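>>> A predicted structure for the sequence below; I have some questions about it.
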Amino acid sequence: MSDNSFILGGQTLLPIIQADQVELGVETARAMVTAGANIVEVVLRSDASLSIVEAIKKEFPGLKVAAGTVLDTELLSSAITAGASIIVTPAVSTNLLNHLMDCPVPVLPGVSNVADILMAREYGYTELKLFPASLAGGVEFLKSVSSVFKDISFCPTGGVNQNNRLEYLSLPNVFAVGGTWVAPPELVNAQNWSKITELCREAL
């Protein structure tokens, strides 16, 4: 496992928050903080997502809150305004990367193939999100590209779970894994915060 992550500061799990209501998002973050998380990611996939980022930053000023699923300049601007500490994208394009160059916070660009990796690298990024990891080739893909892109390390997300996370983390070019399994929608909706804390603590 790569131990020199600039973005995550050594945290090997990027726990992902998916919620439709601000209160549920904040309480999910609280459960993750209780487990010892210093960084969480809120995916911008619901109408409440930006408000959740803002509310979590207000409730936990010292917590780094990544805004995920940033697809365009409008979402990028909104995420920054909401107080995002890190920007995470699911994919890259030259247009998006050009705008990300002026981003005032760290960026974790999403890639799914070698062309994406090369493009992101040409823009100066050496820490990338592999998404969707399981469909993009998973562990075998990461092994294959390690000798070609020796200066690149990854945070695989998508299809990573409790059972395979250690296989990913054992790779020298992986600095962390993104995890939705620590706070699945059924636990969030059931408000089972203790279980989310337990799953998060195990993964951390």
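Received the coordinates, thanks.
>>> can you give me how far the biggest helix by length in the chain is from the chain middle?
Looking across the chain with DSSP state H, the single longest helix is helix 22-35. Averaging C-alpha positions (C-alpha atoms, centre = their mean, to the nearest Å) puts helix 22-35 16 Å from its chain's average.
>>> try stretch 114-134
14 Å.
>>> Other residues contacting that stretch?
5-7, 88-92, 94, 97, 100-101, 107-112, 136, 141-142, 145, 148-149, 151-160, 168, 175, 178 (C-beta atoms under 8 Å, 6 or more residues apart in numbering). Where C-beta positions appear, they are placed from N, C-alpha and C, glycine not excepted.
>>> Please apply the same query to stretch 78-90.
Under the contact criterion C-beta under 8 Å, 6+ apart, stretch 78-90 has outside partners 7, 39, 41, 44, 50-51, 53-54, 57, 64-71, 76, 96, 100, 103-110, 129, 131.
>>> Output the below-cut-off pLDDT ranges for the chain.
Within the chain, the ranges that satisfy pLDDT under 70 run 2-4.
>>> Do a quick rundown of the helices in it.
Taking DSSP H, the helices of the chain run over residues 22-35, 49-59, 73-82, 94-100, 114-122, 138-146, 165-169, 185-189, 193-203.
>>> tilt between the third one and helix 49-59?
Translated: helix 73-82. 20 degrees (axes from the mean of the first three to the mean of the last three C-alpha atoms, to 10 degrees).
>>> Centre of the chain to helix 73-82, how far?
With C-alpha atoms, centre = their mean, you get 16 Å for helix 73-82.
>>> Ok, the last one next?
Going by C-alpha atoms, centre = their mean, the spacing between the C-alpha centre of helix 193-203 and its chain's C-alpha centre is 17 Å.
>>> All further residue positions should be reported with the first residue as 27.
Okay, residue one is now 27; in that scheme the one you just asked about reads as helix 219-229.
>>> Report all helices and strands that it contacts.
Packed against helix 219-229, as judged by 3 or more C-beta pairs under 8 Å, 6 or more residues apart in numbering; DSSP states H and E, are the following elements: strand 39-43, helix 48-61, helix 211-215.
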